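*Asks:* what's the 3D shape of this:
(chains A and B)
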Amino acid sequence: MTSQVLRRGRGPGSSGALRRQQTRWALVFLSPALVLFGLTVFYPMARALQYSLYKWPLGAPKTFVGLDNYRRLLLDDGDFHKSVQVTLYFTLLSVLPTLLLALFAAVLLNDARLRFRGLFRTVYFVPVVTSLVAVGYVWRALLEPSFGLVNTALGWVGISGPGWLASPDWALQGIALMTIWRDLGFYMVIFLAGLQAIPKEVVDAARIDGASAWRRFWHVTFPLLNPSIVLAAVIGVINGLQLFTQTYVMTGSAQQLPGGPLSSTRSVVIYVVEQTFRPLEMGYGSAAAFLLFVMIMVVTLVQFRIIQRKFEY
Amino acid sequence: MRAATRTLDVTKYLLLLMGAVVMLTPLIWMVLASFKTLPEILTFPPTFLPDHVNLDNYRGVFETADFVRYFVNSVVIAAISVVSVLVTSSMAGYAFAKFTFPGRDVLFIVVLATLMIPFQVRVIPLYVLASDLHLLNTYAGMVLPTLVDAFGIFLMRQYMLSIPNELIESARVDGAGELRIFVQIVLPLAKPALSALTIFTLVMSWESFLWPLLVASSPDMYTLPLGLAQFAGRFLNRTDLQMAAATMTVLPLLIAFLFMQKRFIEGLATTGMK
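*Replies:* The predicted structure is shown next:
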């Protein structure tokens, strides 16, 4: 009886033999995951770090060059710098509007009195489950400068639309537009979950105190939603920094490498794949990929600091 | 006051309706264009409904690309990923949630930390590994990076923490073996988490593009997104054919979603990471 009480919360047994048995069974349950982790995560990570220190065209012997790949990437490689710039700009262009629109939609759709609430949610979420490659080609057609639907619609309200994917100044915006459309519903769901977790009494109390709808949102709902906003922002930025498929689909073809026009949409990941698998320089590509990793980590940590501090109450 | 509320309500509905139109138009346009002829798609101003429903585009796609095969490949690869992720995640999650062993917490943090690593960092060595093991252009090679998922382990562990220890204890007292406890008691109780993880892994697998692009070298190994990209890249100006192919790529998951909306949204939202 006593032992039963002691055991609570810790699984069975605390005596030596039982503990050894526990460890053995834990290992049994863990081993499939750990073996696969070793093979597909830890081993490749160690290898990637090693490759990044070598000059290694595939098929040829590799030569140790120390940190030279990193030095070249950071100091000499204008193409890489441009790809970093493109990636950061895309992240800003896509994530900020997506989060704002998603938050707006979530707030509207959180109203229990709203009719067709479920239907609206479904409609807004549908793009999330469409294939990114497929909708990439759809948007490529929609963004066609002269007869595409987007510029036609802009024409209705008197705006002459830009050249989108054909223009170095607008191609990235076109890709961002498509990404906003596709991801909005996903972040909306995150925000809806966050909104539903806010106790109704808190908002009601503010209403009784005479706070206007806007003040209730800005001073009560918004701060309480902070965990969802941090989550959404972090996921959004991590996704944004890994831009690949959209660029590949919307700017490439059998005749033309993706990333154009004039490398205006060539993201870091496009660059890594190009470096690695065209001239097959595994070492240089690995170093570039590692720099992306560092970039993602730094941006994520900075985000946690900034966003979390700003709204602490 | 009441008039003001009503105006606000009308504005609300109008905004939501406009949003809904924007969200649906690209998809409706895709489906309608897939039945149009190329000149019809290129007319200015654009038409809405096709002149007459013609299936030539679908016929055209099937003549040059084997989309049935791509579909089957996508299904096989998704099935292997889902089964493997469910098995490894639930087993490891159970070990982390319900067993005490030295180094448990450190190991769990290490597993979680791998979520920070973008796939692109691992992709080059994984490619070399797949090549060394002669797995390029095989199903085994295609699923290799998707067999285990740190987030799945995290999700299962969190869920299994809520399973009462007494239940497991009393089964032990009754003499049930550890494997039997896991299969007959723990797994059935973890069904909601397993279902969310299934949807999440399915969508991830269905979407994956970079890895299949590198590993699949012959058309008979293409998945739907890869087959579509190769097809569309070859027929760059044939928007009519592209939209038929795109519609076929989008449809399977969309149908699954419409039948199981709640599970899809929960699955994608609870797991969060996309």
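
*Asks:* in chain B, which residue is closest to the centre?
*Replies:* Closest residue to the average C-alpha location of chain B: B:Val203 at 0.9 Å, with CA atoms, centre = their mean.

*Asks:* is chain A contacted by the helix or strand harbouring that one?
*Replies:* According to DSSP states H and E, B:Val203 maps onto helix B:191-207. Yes - applying CB under 8 Å from any CB of the partner chain, one finds helix B:191-207 touching chain A at B:Val203, B:Trp206, B:Glu207. C-beta coordinates here come from the backbone N, C-alpha and C atoms, glycine included.

*Asks:* Out of the residues you listed, the closest to B:Pro145 would be?
*Replies:* B:Glu207 (13.5 Å; CB to CB).

*Asks:* Could you pull up the residues touching the nearest residue to that closest one once chain neighbours are set aside?
*Replies:* Leaving out its chain neighbours, the residue that sits closest to B:Glu207 by CB to CB, 6 or more residues apart in numbering or on different chains is A:Leu132, at 6.0 Å. Neighbouring residues of A:Leu132 by CB atoms under 8 Å, 6 or more residues apart in numbering or on different chains: A:Arg182, A:Thr245, A:Gln246, A:Val249, B:Glu207, B:Phe209, B:Pro225.

*Asks:* so A:Val135 is in which element?
*Replies:* Going by DSSP H and E, A:Val135 is in helix A:132-142.

*Asks:* and that helix, which residues are buried?
*Replies:* By 16 or more other CB atoms under 10 Å in any protein chain shown, the buried positions in helix A:132-142 come out as A:Leu132, A:Val133, A:Ala134, A:Val135, A:Gly136, A:Tyr137, A:Val138, A:Trp139, A:Arg140, A:Ala141, A:Leu142.

*Asks:* Spit out the contact partners of the residue nearest to the second one when sequence neighbours are not counted.
*Replies:* Meaning A:Val133. Ranked by CB to CB, 6+ apart and with sequence neighbours excluded, the top spatial neighbour of A:Val133 is B:Pro225, at 3.9 Å. By CB under 8 Å, 6+ apart, the contact set of B:Pro225 is A:Ser131, A:Leu132, A:Val133, A:Ala134, B:Trp206, B:Glu207, B:Ser208, B:Phe209, B:Pro212, B:Thr249.

*Asks:* Just the closest of those residues to A:Trp218, please.
*Replies:* For those, the nearest to A:Trp218 is A:Leu132 (34.5 Å; CB to CB).

*Asks:* any idea how far A:Pro162 is from that closest one?
*Replies:* Distance of A:Leu132 to A:Pro162, computed by CB to CB, to the nearest Å: 23 Å.

*Asks:* quick check, stretch B:55-72 touching chain A?
*Replies:* No - applying CB under 8 Å from any CB, one finds stretch B:55-72 out of contact with chain A, separated by at least 11.3 Å.

*Asks:* how about the helix or strand B:Glu169 falls within, does it get close to chain A?
*Replies:* Element membership for B:Glu169, per DSSP H and E: helix B:165-173. Yes - residues of helix B:165-173 contacting chain A under CB under 8 Å from any CB: B:Asn165, B:Glu166, B:Ile168, B:Glu169, B:Arg172.

*Asks:* any weak-confidence spans in chain A?
*Replies:* A:1-14, A:308-313 (pLDDT under 70).

*Asks:* That's all I had, so thanks and see you.
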